[in-house]
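Sharing a model that was predicted from the sequence below.
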Amino acid sequence: KIEPLKRALKGAEVWGTGLRAEQSENRTEMPIWEWDAGNQVYKYNPLINWTYDEVLAYLVEHKVPDNPLHRKGFISIGCAPCTRAITEDEHPRAGRWSWEASQKECGLHAG
């Protein structure tokens, strides 16, 4: 049985992500380019050093549509059961896996 990510990346040379360092502590040292040995593909993290405000400014400047859930407090969006809206005083990723105490990442890019 092939995992969905492995199937999606089969034959790819580069995997582009939207990961940002300020989203979690385990991303602070993540490079822009890295080799993903598990998937045998280069992983490109072009937004790793962008702030949330820089992302928002880019969306406005380039007229990129965003997910309307962002304006309803869903700053980090995953699957429906694993995502909730956050309050202004919470960390942007507090709405992901909120029932767990770990700094867990989803299975797509867990290190």
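Received the coordinates, thanks.

gap between the longest helix along the chain and the chain center?
Taking DSSP state H as the criterion, the chain has its longest helix at helix 52-61. For helix 52-61, the separation from the chain centroid amounts to 16 Å (computed by Cα atoms, centre = their mean, to the nearest Å).

buried set for that helix?
Val55 (16 or more other Cβ atoms under 10 Å). All C-beta atoms are positioned from the backbone trio N, CA, C, and that covers glycine.

and if you look at stretch 23-32?
23-24, 27, 30.

Can you tell me which of those is closest to Gly95?
Gln23 (11.7 Å; Cβ to Cβ).

Show the pLDDT at the closest one.
Gln23 is assigned 83 on the pLDDT scale.

check contacts around Leu47.
17-20, 55 (Cβ atoms under 8 Å, 6 or more residues apart in numbering).

Please, which helix or strand holds the closest residue to Tyr58 other than its chain neighbours?
Among residues not flanking Tyr58 along the chain, Val64 sits closest, at 7.0 Å (Cβ to Cβ, 6 or more residues apart in numbering). If you go by DSSP states H and E, Val64 is not part of any helix or strand.

three-state assignment of the most centrally placed residue in the chain?
With distances taken as Cα atoms, centre = their mean, Leu19 lies nearest the centre of the chain, 4.2 Å away. Here Leu19 is recorded as coil under DSSP: H, G, I helix; E, B strand; the rest coil.

Show the contacting residues for the closest residue to it other than its chain neighbours.
Nearest residue to Leu19, sequence neighbours excluded (Cβ to Cβ, 6+ apart): Asn45, at 5.0 Å. Contacts for Asn45 (Cβ under 8 Å, 6+ apart) come out as 17, 19, 30-34.
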